[in-house]
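# When you get a sec, could you give me coordinates for this:
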Amino acid sequence: MEITTETCINLDYLRLMSDNDGDMIQTMLAMLLEELPEEMGKIRELCQAENWDELTRVSHKMKSTLAFVGNDAMTSANKELERVTKYKTDIQLAPILVATLNDHLPQVMKALQNEVKEA
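You can find the predicted model right below:
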């Protein structure tokens, strides 16, 4: 199934937390555009290195970032990634969950960039 940019983000939480302030929304979107690729890079590296404790920490931090993005698939995969790395159960799922996050990132980035242009 193709992921479309129109349906891959939901900025309701961002709008709520920014009190629908246009300048604040632009600031938050800029932060998301910078942080998401950086965090995903860390997640990929840590998973490949099987550094589960640090991956748990980065995944936990990313929860708040993903709340502003509003992508359900990424949010669910990240939540599960944090669980499997924290408790070291079903750890074989970690690369699959990272791949899910990674698969959604390009469309999410494009949708966020479109929001910046439209605001």
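
# Find me the pLDDT at residue 105, would you?
Here, the pLDDT recorded for residue 105 equals 97.

# Tell me how far it lies from residue 73.
From residue 105 across to residue 73, the span is 11 Å (Cβ to Cβ, to the nearest Å). C-beta here means a position set from N, CA and C on the backbone, and glycine is covered the same way.

# can you give me the helices in this protein?
Here the chain has its helices, by DSSP state H, at 12-17, 22-48, 52-69, 72-87, 94-118.

# higher neighbour count, residue 105 and residue 73?
Comparing residue 105 with residue 73 by neighbour count (other Cβ atoms under 10 Å), the higher total belongs to residue 105, at 17 against 14.

# who are the neighbours in contact with that one?
Applying Cβ atoms under 8 Å, 6 or more residues apart in numbering, we find residue 105 in contact with 36, 37, 40, 74.

# can we see that at 10 Å?
8, 36, 37, 39, 40, 71, 74 (Cβ atoms under 10 Å, 6 or more residues apart in numbering).

# Quick check: which of these has the minimum pLDDT.
The lowest pLDDT within those belongs to residue 8, with 91.

# Please verify my assumption that that residue contacts residue 115.
No: contact criterion Cβ atoms under 10 Å: residue 8 and residue 115 do not qualify, at 11.3 Å.
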